[in-house]
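S.K.: need a 3D model of the sequence below.
(4 chains, ligands or ions: 12)
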Amino acid sequence: MGEQYYGKTDIGPPDFKQFLPPIIKNNYGKWKYHEILKPGVMVHVAEGGDKLFTVRQGSGRLIATESIREYCEIADKYCDGYLRFTSRHNVEYLLSDESKVQPLLDDLAGRNLPVGGTGNGITSIVHTQGWVHCHTPATDASGPVKAVMDELFEYFVEMKLPGKLRIALACCLNMCGAVHCSDIAILGIHRKPPHIMDDAVHKSCEVPNVVAACPTFAIRPNPKEKTVAVNQDKCMYCGNCYTMCPGMPLADPDGDGISIWVGGKVSNTRSGPAFSKLAIPYIPNNPPRWPETVAAIKTIVDCYAKGAKKHERVGEWIARIGWENFFKETGFSFTPQHIDDFKHAQASYRSTTQFRW
Amino acid sequence: MGEQYYGKTDIGPPDFKQFLPPIIKNNYGKWKYHEILKPGVMVHVAEGGDKLFTVRQGSGRLIATESIREYCEIADKYCDGYLRFTSRHNVEYLLSDESKVQPLLDDLAGRNLPVGGTGNGITSIVHTQGWVHCHTPATDASGPVKAVMDELFEYFVEMKLPGKLRIALACCLNMCGAVHCSDIAILGIHRKPPHIMDDAVHKSCEVPNVVAACPTFAIRPNPKEKTVAVNQDKCMYCGNCYTMCPGMPLADPDGDGISIWVGGKVSNTRSGPAFSKLAIPYIPNNPPRWPETVAAIKTIVDCYAKGAKKHERVGEWIARIGWENFFKETGFSFTPQHIDDFKHAQASYRSTTQFRW
Amino acid sequence: MPDKETPLLNQLETGPWPSFVAELRKAAKTSEMAAAVITQLEQSYVDRIGHWKHGGIVGVRTYGGGVIGRYSDMAEELPAVAHFHTIRVNQPAGWFYTTEALRTICDIWDEHGSGLTNMHGSTGDIILLGTTSEELQPTFNALSDAGYDLGGSGSALRTPSCCCGEARCEWSCFDTMDLCQDLTMEYQDELHRPMWPYKFKFKISGCPNDCVASIARSDMSIIGTWRDDIRIDDAAVAEYADNGTDIMEECVFMCPTRCMRYDAASKKLTIQNSECTRCMHCINVMPKALFIGEDRGATLLIGAKAPIVEGAILGHVLVPFMKMESPYTELKELVENIWDWWDENGKMRERVGELINRVGMREFLKAIDMEPLIQMVNYPRDNPFYFWDQEKVAEDIASRKG
Amino acid sequence: MPDKETPLLNQLETGPWPSFVAELRKAAKTSEMAAAVITQLEQSYVDRIGHWKHGGIVGVRTYGGGVIGRYSDMAEELPAVAHFHTIRVNQPAGWFYTTEALRTICDIWDEHGSGLTNMHGSTGDIILLGTTSEELQPTFNALSDAGYDLGGSGSALRTPSCCCGEARCEWSCFDTMDLCQDLTMEYQDELHRPMWPYKFKFKISGCPNDCVASIARSDMSIIGTWRDDIRIDDAAVAEYADNGTDIMEECVFMCPTRCMRYDAASKKLTIQNSECTRCMHCINVMPKALFIGEDRGATLLIGAKAPIVEGAILGHVLVPFMKMESPYTELKELVENIWDWWDENGKMRERVGELINRVGMREFLKAIDMEPLIQMVNYPRDNPFYFWDQEKVAEDIASRKG
Ligand code: SRM
Ligand code: SRM
Ligand code: SRM
Ligand code: SRM
Ligand code: SF4
Ligand code: SF4
Ligand code: SF4
Ligand code: SF4
Ligand code: SF4
Ligand code: SF4
Ligand code: SF4
Ligand code: SF4
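M.R.: Ligands and ions are numbered 1, 2, ... in the order given. Got it, this is the predicted structure:
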C-alpha cells in the first residue's frame, strides 16, 4: 500500500481577522458605548459614530449542520455573511445596516428562532453532554435544559428580571459546564458508592492510581483478588475513581439524580465572583421533562424576581435578605447535607450573632 | 500531729448581690440610656430617672495590695465603699451622688491615677504574665505594655480617635490575652526550633504525646536515645512541644521577639468579629522600653486616627481603604511571612480583580 | 524609689501610665519574695529571656486546679523566689466589690503571699501572684473562711465571667451576672477537678457588643440578643440630627445590612427590621433614640479558642435564640450533653471546637441530637461532596417505587 | 416528525425553546449514526442511565488529543453507534465566522460524520459529535486542508478562548482576540501533545465583567483592568438621572467599596478613585456616562478549576497588572516558568492550582521567583504559624550584633 496522505499539523485555527465584518475592522478598539434597544437587539456605537447592530438568537447548542446552514442563509441575507457565537452558545447576527434589523427579526420569528438573552434576563444554559455522549453522567444534559428553558422562556425573550440570571448544568461532578459559579446550577449527582466489577478492575485499572484517586481515602487495595474495596461510609460518590477505572461505575437509575445550587457568579462586579451554594441536595431523575427540577428552578426565579433589587444577582439578593429568608421564601428545607463537612467547612460556620430569624 | 484543718471546698465565689450599691439594686435591669460625660466619666440613667455615675481609672493590672487598699480608701470617700473592675482590668468607681464626681476626679488627679478609657479611645491593654511569672514567654508582658501606654497615654485620657481601639499583648502563641481578635495585637514569637535537651526529654516527657503535639509533624521519635528529633524545616516554632515537654525549650534571646497584628475585633457590630492579621512579622526584644515596637504601634494609631471615618474600627478602616493602602500608609513592608500557608490559607488568596493600587 | 541595681527596670518607673515596677517595689517593702522577683526580672531584662522553670504540679487538698506552680531557675541566688506559685481566686460575677471585701483579700494575701496580684487575670480570676508550696493550703483555708473559693486551671471548667449586664447597662438582654453565678455554683466539681480532655470556658455578654470578648475565647459563648424590632424614638432621632450627628454617614452608610434609610428633610429614620441583624451599631450611635427589642434572650456559640494548635476559632452559632431565665435548665442540659460527647470523643488536649472541626458539624449535631439550622452557617456548602445515609437512600428509593 | 418508537423524546419536541431532539432528527435524515443515537438516547430515557462505555483512546496521527473516543454498550442492537467519537476543532478567536467558513465545516462533517455538532463546547471548541475510528484521520485531513486544526484534550493545553473584546466592546482593556490567537499559535505543541500532569486552560476577558467566566475555570485567567481613574461625563450622568435612573439606589448604595457619593440637587456624581476597585458596576449601569480608565492592561489569576477533587478553586491573583501588548513576551515567560515548575512538582492529575494549594503560595512564588504582593491576598495571614529561613535569621541576628 502506497504513501498515505496526512493533513498538515499544528496550523492552529484560522485567523479571526478574516471573519470580521468591515464595520468591526474599521472600529476595532474604538467603541464608545452600547445600548440594548430591545431584548436580543444591541447597538454598539463607535467613537466615529458608526453603529453596529447585533441580534442575538437562542440555539440549543446541540445542533445539526442543517441548522448551521440555515443560520448562514439568514446571515447572508441580512449581515453580508457575518455572524458569531457567544460564550454561552447563542448566535449573534452582526448588522451594519439598521434598516435590516426589523426584517431580520421578522424572519427569525417566522422560523420560531427565539431572539433575546440580553440584559436583565436569562440567557442560554451552559451545559454538557449527558446521555448524548458522555460515560460518567448522573443525569442527562440536553433534556433538563430543554425542559427548563421551555418553562423560563419568557425571561429569555424579555428583560424583566432584576439582573442577569445565569443557569448552567453539568451532568456529573466533573462539572464540565463549570457550573460552580452560576446563579442557578443544575448538577447531576450519584448517591451510591461505586459498584466494584472485580475482573474489570483487575483487567483495566492500575490499583495504586485508583486508590490515590479517592479524596476521602475510601478505597483500599485488595491485593489477593488484584482488585479494590470501598469503605461505604467514607465514599461521597464523587466518581473520581470511575474516571480512573472503568471497573467502578457509579451510575444507578434510582441512586442518581439532580442537585440544585444557587447564588454563584463570575463577574467581578459588586460582590465579586462566588461559588454556588447548595439549595436542594437531591431530586430524582424524571425524564423526559424532569418536572420536579423545573418546578424548583421556577420557584427560585419567581422568588428572585419578586424580592431582588434592580441589578442584584441571585447571590446578592440572598446575601441581603439572608439565607434564612431564602429558605423561607422558597420553602426548600435545610438538611444535614447543606452543612459543609469538606476541607474548608470551618469558613462556612457562622461566627457572629448577626443573622435573621 | 493532730487533725489538720482544711477550708470548706466548692463554696464558689461570694454572691455578687451583696456587693452592689443600693442605686444598682434599685434599678437592676431598668437602665434606659447612658451618656459619656467626659473621658472616663459616664452616667447611666434609669427609667425612673435615677442616675449612676461611673468614673473609670486606669490601673496596671499587676498591682500590689497597697494599691488595692488605696482604691478602697478612695471608694470609701466618694462611693460609700462600692467599686468594680472591668473586663479590661480598669477600676470603676460607682457614685450615686453627682456632686462627688468632680472631687473624686481631682483626688485621682492628685494621685496621678489616670481617668479615661471610655468611648472612642484606647483603654487598658489586656495582657499576660511574660517574664514576671510564666515559663513559655517569647517576650515580657508588663514592660512592653507600660512602654506602649506611656506613648499612647493621650488616647486613654481623651476620646479623640475615630472609634474604640483595643490593644492586647500575649507573650507566646498560647495567646492567653486572647489577642487574636484585637485592633492591635502584640504577640511574642520564637524564630528558632526547640533546643532538644536529650536527657530532660528522656527523663520527663512522654515521647508519643510530644510527637502528637506537633501540628506540622516536625517531631520524630528517636527510640534509641529515648528522645526526639525535630525536622527544622517543618518547625514553625509554636512551642506546643515545650508545653508538653520541659526538655524542648524554644526561648532564645536573639531568636525571640515581637510580632504586630492588626484589624481584629470582637464585637458583632457592623463587620462582625474578626481575627487580627499580621502587620509586622518580627521586631527584636529590646528591653526595657521596646522602642521599635512602640514606634510601630504609634505609626498604626496615627494612620488610623488620620484615615478612619467616625465609628470605624481599625479593621473596618483597613477594609475600606484596602490592605494595599494600609501598607502604603504605614510604610510597613509586605513579606513572605504575610502570605498564609497554614490550614485555611486558600480562603485568604484573592480571587477577584477587585483590589487597590 | 528606684534601685541602683535595677537600671533597666528603673526606666519603667517614669511616664504617665501606672508603673508595674512601682507596684513591685510597693510589695517589696514588706515582702522578700517581691524584692527577689524584682532582681530576677531585672536579670530577665538583661538576658532577654525568662527565668522561670517549666511549671510543676502543686495544689490544695481535694482540688486538681486553681494553682499554677512556678519555680525559679535562679533559686540559688534568690532563694526567696525558689517558689512563686499563683493562686487563682474566683472573682465575684461582674467584678463588683465592696471595699470591705477587697481588704479581706488583701489581708489574707499580705499574710500568706507576696502581696502582688493581677486584678484580674484574663480569664477573670483574682490572681494572687507568688507564694510557696507550704503557704498554699493555709491561704486557701483563709480564703475559704472568708467566703472565697479558687478558680479553674488544667483540663477543667475555667472560671466563668460576664459583663456587668443588667447591673449597669441598658442593653443587657438577660441577667448576665445571675447566669454567671448560677453556672459557677452548679458546676463547682467540674471547675475544681479536671476530668476532661482539656479546658472549657464560659463567657457571658448581655448583648452583641460582647464586652467580655466571649465570641473569641469561650468554648461556650452566651451573647444576648432579641427577636423583635428595634424601638425608635423619632423625636430623639431628630434631636441627634439637630445636635450634629450625621445620621446618613454615621448610621445609614455604616449599617452592615444596608437596611436603614433616612430622610434628611423629615429627619425620619426607618429600619427594615426583617433585614436587620441586630449588630447594635445604630443603637450604639444613638443610645437615647434607638432601643433594643423586647423579646429578649441569648445566642449560644460553641468552640471559640486561641490558635494553639489547629488555628484560632471564633464561636460558631449553635443555638440562635434561647430564653435565659433561672434556673437555666435548657442551657444546662445542652451543655452537659456536649460535655459527655466531647469527653467520649475528644483527644487529649483537644478543645471542643477542635473536635467539632475534626469530625464535622454534621456529626456533632447528630451526636447531641440537634436539628441543623441555617443560622448555624454563613451559607450552605459550596462543594458537591456530601454523604447520604445508605439506609435512608434505600428507603427513599423504595418509597418512590411503592 | 415525531417517531412512535421514541415516546419519551417526542415530548421534548414541543415547547418554545429550540429542541435538540428536532436537531437529532434533522441529522438522522441523512445519517444512520444520528438515527441510531436517537434510539439509544430513548433507551437512556427509559432506563434513566447512560449507554456509553468508558472511553477509549483514539486519535489522529502525531496528535495526543483532540478526539474523545466513545463506544456504545448497545453496539449489538445499534451497530451504527458502535463508535461515536467526538472531534474538537479549535474555534476562531471570539467565535467570529463568515457563512462561507461555517459551510465548509458543515460540508466536511456531513461527509465524514453524524452531522451533529455543539456550537460550541464549553471550553470553546467546535464540537463535531460522532464519527467512527476509521473516519477520524480523513476528517482531520479535510479540516486541515480547509485551514482548521484540532483543539485540546487530555493532559495538555486546552483550547484558549476569549470574549469578543475590542471587536465589539467599549470596555475591553486590551486586544483579547489577538492575545487568544497568539497564545494558541505559540503553544500548538503543548495543545496537541499532552505532556503535563494534567490539563491547563487559558481564558481571556477584556474587563472585570469576565464574559468568558475565566476566573472560574481557567488555570490562567487573563482579565482586563486599568490603573487610572474612571472617566465621568457629568452631563450624561444628569441625563441618566433625568431619564429615571435612581443613581442613589442603583449606583451609590450598590458600590461595593461605598466610594461613591451623589448630590441629588446638583446631579453630581463623585468617585473616590483611590478606593474604587474597578468592579465595573457603576460603568455597567451608566455606559454612556462612565468610562473605564486609559492606563489599561490585565490582571493575571492562577489556578481556577472545577471541584474534582480537592474542591473548586477561583483564580488567585498572581499579577495585579501587566500591559498586554504583542508579542506578549512577559506573559509567555511567566507562563512557561509556571509550566516548568508544575511539570516538575505536580502529581498525576494535579492541576496547577491544586499544587499551589498543596505546597503553599509562598513556596510557589519562591519557585517562580516572584515577590509577594498584597494584591495576591484578601488579607495577610491571621495565624501565627509562619516559617523563617534559619540562615536569614542567623544573618539577621549577626547584623544586629555587628
Ligand atoms: C456576548 C458576550 C461575550 C462574548 O464574547 O460572547 C457578552 C457580551 C456582553 N456582556 Fe457579558 N457577555 C457574555 C457573557 C457574559 C458572562 C459569561 C457567562 O455568562 O457565562 C458573564 C459573567 C456572568 C456571571 O457573572 O456569572 C457576563 C457578565 C457581564 C456583566 C456583569 C453582570 C453583573 O452584574 O454581574 C455585564 C455588565 C452588564 O450587563 O451590565 C456584561 C455586559 C456585556 C455587554 C453589555 C458588553 C458590551 O458592552 O458589549 C455585552 C452585551 C450584554 C448582554 O448580553 O446583555 N456582561 N457576560 C457573552 C454573551 C453570552 C450570552 O450569549 O448570553
Ligand atoms: C465596662 C465594660 C464591661 C464590663 O462589664 O467590664 C464595658 C462597658 C461598656 N461598653 Fe463595652 N465594655 C467593656 C468591654 C468591651 C469589650 C471587650 C474588650 O475590649 O476586651 C468590647 C469588645 C471590643 C472589640 O470589639 O474588640 C466592647 C465593645 C463595646 C462596643 C462596640 C464597639 C464597636 O464599635 O465595635 C460598645 C458600643 C459603643 O461603645 O458604642 C460598647 C459599649 C459599652 C457601654 C457604653 C455599654 C453601656 O451602655 O454601659 C459601656 C461603656 C462603654 C465605654 O467604655 O465607652 N462596648 N466593650 C468593659 C470595659 C472595658 C474597659 O475597661 O475598657
Ligand atoms: C494567668 C493567665 C494569663 C494572665 O496573665 O492573665 C494565663 C496563664 C497561662 N496560661 Fe493561659 N492564661 C490565662 C488566660 C488564657 C486565655 C484567655 C481567657 O481565658 O479568656 C486564653 C485564650 C483563650 C482560650 O482558652 O483559648 C489562654 C490560653 C492558653 C493556652 C492555649 C489554649 C488553647 O487551647 O489554645 C495555654 C496552653 C495550655 O493550656 O497548655 C495556656 C496556658 C497557660 C499557662 C498555664 C502556661 C502553660 O503553658 O501551662 C500560663 C500560666 C502562666 C503563669 O505562670 O502564671 N493558656 N489562657 C490567664 C488566666 C488568668 C485567670 O484565670 O483569670
Ligand atoms: C465536551 C465537554 C463538555 C461539553 O459538552 O461542552 C467536556 C467533556 C468531558 N470532560 Fe470536561 N468537558 C468540557 C469542558 C470542561 C470544563 C469547562 C471549561 O473548560 O471551561 C470543565 C471545568 C473547568 C476545569 O477544567 O476545571 C471541565 C472539567 C472536566 C473534568 C474535571 C477537571 C478538574 O480538574 O476538575 C474532567 C475529569 C477529567 O479530566 O478526568 C472532565 C472530563 C471530561 C470528559 C473527557 C469525560 C472523562 O471523564 O474523561 C468528557 C468527555 C465527554 C464526551 O464524551 O464528549 N472535564 N470540562 C467540554 C469540552 C468542549 C470543548 O472542548 O469546548
Ligand atoms: S459533566 Fe461529567 S458527565 Fe457531563 S460531560 Fe462532563 S464529564 Fe461527562
Ligand atoms: S466515588 Fe469518590 S469518594 Fe467514592 S470511592 Fe470513588 S473516589 Fe472515593
Ligand atoms: S501567653 Fe504564653 S507566655 Fe504568656 S502567660 Fe500565656 S502561656 Fe504564658
Ligand atoms: S515548636 Fe511547634 S512546630 Fe516546632 S516542633 Fe514544637 S510543636 Fe512542632
Ligand atoms: S455586652 Fe452589651 S450588655 Fe454587656 S456591658 Fe456590653 S453593651 Fe452592656
Ligand atoms: S442594628 Fe445594625 S443591622 Fe440593624 S439597623 Fe442597626 S446598624 Fe443596621
Ligand atoms: S468581558 Fe468586558 S470587554 Fe469582554 S465582552 Fe465582556 S464586557 Fe466586554
Ligand atoms: S467601579 Fe465599582 S467600586 Fe468603582 S466606583 Fe464603580 S461601583 Fe464603586
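
S.K.: so the residue nearest in space to the middle of chain A bridges to which residues?
M.R.: What sits nearest the mean C-alpha location of chain A, by Cα atoms, centre = their mean, is residue A:168, with 2.2 Å. Here residue A:168 sits in beta bridges with residue A:126, residue A:185, as judged by DSSP bridges.

S.K.: got the contact list for the residue of the stretch 201-350 of chain A found nearest ligand 9?
M.R.: Proximity of the stretch 201-350 of chain A to ligand 9 (Cβ to the nearest ligand atom) peaks at residue A:350, 19.2 Å away. Yep, even glycine has a C-beta here, placed from its N, CA and C like the rest. Contact analysis of residue A:350 by Cβ atoms under 8 Å, 6 or more residues apart in numbering or on different chains lists C:316, C:317, C:375, C:376, C:377, C:378.

S.K.: grab the nearest non-local neighbour of it.
M.R.: Leaving aside its chain neighbours, residue A:350 sits nearest to residue C:317 (4.4 Å; criterion: Cβ to Cβ, 6 or more residues apart in numbering or on different chains).

S.K.: I'd like to know how many residues surround the one you found.
M.R.: 25 (other Cβ atoms under 10 Å in any protein chain shown).

S.K.: and for residue A:295?
M.R.: By the criterion of other Cβ under 10 Å, residue A:295 has 11 neighbours.

S.K.: mind checking the SS state of it?
M.R.: Classification of residue A:295 using DSSP: H, G, I helix; E, B strand; the rest coil returns helix.

S.K.: where does it land on pLDDT?
M.R.: With respect to pLDDT, residue A:295 scores 98.

S.K.: hmm, back to that, average pLDDT for the host helix or strand of the residue nearest to residue A:350, rounded please.
M.R.: In the assignment (DSSP states H and E), residue C:317 maps to strand C:316-322. Mean pLDDT, strand C:316-322: 98.

S.K.: ok so, going back, what's the pLDDT at the residue of the stretch 201-350 of chain A closest to ligand 9?
M.R.: 98.

S.K.: so who does the residue nearest to residue A:350 touch?
M.R.: For residue C:317, counting by Cβ under 8 Å, 6+ apart, the contacting residues are A:349, A:350, A:351, A:352, A:353, A:355, C:299, C:300, C:301, C:375, C:376.

S.K.: just checking, the third one touches residue C:216?
M.R.: Read that as residue A:351. No. Residue A:351 is beyond contact range of residue C:216, at 9.3 Å (criterion: Cβ atoms under 8 Å).

S.K.: list residues touching both of those two?
M.R.: Common neighbours of residue A:351 and residue C:216 (criterion: Cβ under 8 Å, 6+ apart): B:273, C:314, C:315.

S.K.: switch these over to JSON lines; also include distance to chain A.
M.R.: Formatted as JSON lines, these follow (distance: Cβ to the nearest Cβ, whole Å):
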{"residue": "B:273", "distance to chain A": "6"}
{"residue": "C:314", "distance to chain A": "4"}
{"residue": "C:315", "distance to chain A": "6"}
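
S.K.: starting at the chain centroid, how far to the strand holding residue C:317?
M.R.: With Cα atoms, centre = their mean, to the nearest Å as the basis, strand C:316-322 stands 17 Å off its chain's centre.

S.K.: so what's the residue lying closest to residue C:358 once chain neighbours are set aside up against?
M.R.: For residue C:358, ignoring the flanking residues on the chain, the nearest one in space by Cβ to Cβ, 6+ apart is residue C:350 at 7.5 Å. Residue C:350 sits next to C:197, C:198, C:358 when contact means Cβ under 8 Å, 6+ apart.

S.K.: okay, and residue A:304 sits in which element?
M.R.: Element membership for residue A:304 (DSSP H and E) is helix A:291-307.

S.K.: the helix or strand that comes right after that helix vs helix A:291-307, what angle?
M.R.: Next in sequence after helix A:291-307, counting helices and strands by DSSP H and E, comes helix A:314-321. Angle, helix A:314-321 to helix A:291-307, by axes from the mean of the first three to the mean of the last three Cα atoms, to 10 degrees: 60 degrees.

S.K.: and the following helix or strand past helix A:314-321, how far from the chain's centre?
M.R.: Sequence order places helix A:323-330 as the next helix or strand after helix A:314-321, per DSSP H and E. Centre-to-centre, helix A:323-330 and its host chain are 24 Å apart (Cα atoms, centre = their mean).

S.K.: close to chain B, is helix A:323-330?
M.R.: No. With Cβ under 8 Å from any Cβ of the partner chain as the criterion, chain B is not reached by helix A:323-330; the gap is at least 15.4 Å.

S.K.: which residues are in contact with that helix?
M.R.: Outside helix A:323-330, the residues touching it (Cβ under 8 Å, 6+ apart) are A:262, A:277, A:279, A:299-300, A:303, A:307, A:318, A:321, A:332-334, A:355-357, C:274, C:374-375, C:377-380.

S.K.: follow-up on the earlier one: which other residues reach the helix holding residue A:304?
M.R.: A:122, A:144, A:147-148, A:151-152, A:155, A:160-162, A:165, A:167, A:184, A:186, A:258, A:260, A:262, A:279-280, A:283-284, A:286, A:314, A:317, A:321, A:326, A:329-332.

S.K.: quick one, it and helix A:323-330 angle?
M.R.: Relative orientation of helix A:291-307 and helix A:323-330, computed by the same axes, to 10 degrees: 120 degrees.

S.K.: quick one: contacts for the residue in the stretch 51-200 of chain A that ligand 12 sits nearest to?
M.R.: Proximity of the stretch 51-200 of chain A to ligand 12 (Cβ to the nearest ligand atom) peaks at residue A:163, 14.3 Å away. Going by Cβ under 8 Å, 6+ apart, residue A:163 touches A:120, A:308, A:310, A:311, A:312, A:313, A:314, A:316.
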